[in-house]
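Chemist: When you get a sec, could you give me coordinates for this:
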Amino acid sequence: MNYKIYEQLPQEAKDIRIKVFMEEQGFKDEFDDLDHECKHLVVFDQNKPIGTCRYYYDDSLHANVIGRIAVIKEYRGKKVGQYIVKTACSLLKGTVCLHAQLQAKPFYEKLGFKAYGEIDYDEFCPHTWMKKEM
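Modeler: Below you'll find the model as predicted:
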């Protein structure tokens, strides 16, 4: 596996997010204005894009935020998600936050993130904020 960082949302990341969040999970509002402000990490298996995330600094949280973490179905369970989160965290300093789907909370806890605040809903899906100090 290798990765590339993009200053703008690349087609590879768009395709992965459409497949995972919109087609598989049924989200409607996948893309937002933050996509223009974020850096985007795309993971490749040779030349095939297999996972992605975006990250940015949020002034109101006083923290870096990793989001839109997605791995295509045939690569799940192969530690690609861990690779994405660990790689993104290695590029950041200070507090790193993420807005996790509740079903993914145990995955992020294994990577050292701790939940905080109330459970909220993004579209129809329960989420919790989580954070980790780098």
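Chemist: what's the longest helix belonging to the chain packed up against?
Modeler: Counting by DSSP state H, the longest helix found in the chain is helix 80-90. The contact analysis (3 or more C-beta pairs under 8 Å, 6 or more residues apart in numbering; DSSP states H and E) places helix 80-90 against strand 2-6, strand 39-45, strand 48-58, strand 63-71. Quick note: C-beta positions are derived from backbone N, CA and C, even for glycine.
Chemist: can I assume residue 106 sits in a strand?
Modeler: No - Residue 106 is assigned helix when assessed by DSSP: H, G, I helix; E, B strand; the rest coil, not a strand.
Chemist: What count of nearby residues applies to it?
Modeler: Applying other C-beta atoms under 10 Å, we find 9 residues neighbouring residue 106.
Chemist: which residue packs closest to residue 28, ignoring adjacent ones?
Modeler: Nearest non-adjacent residue to residue 28, counting by C-beta to C-beta, 6 or more residues apart in numbering: residue 123, 6.5 Å away.
Chemist: Surely that neighbour and residue 27 touch.
Modeler: Yes - counting by C-beta atoms under 8 Å, residue 123 touches residue 27, with 5.5 Å between them.
Chemist: Return the residues in contact with the residue nearest to residue 28.
Modeler: 27, 28, 29 (C-beta atoms under 8 Å, 6 or more residues apart in numbering).
Chemist: Could you measure from it over to residue 99?
Modeler: To residue 99, residue 123 is 12 Å away according to C-beta to C-beta, to the nearest Å.
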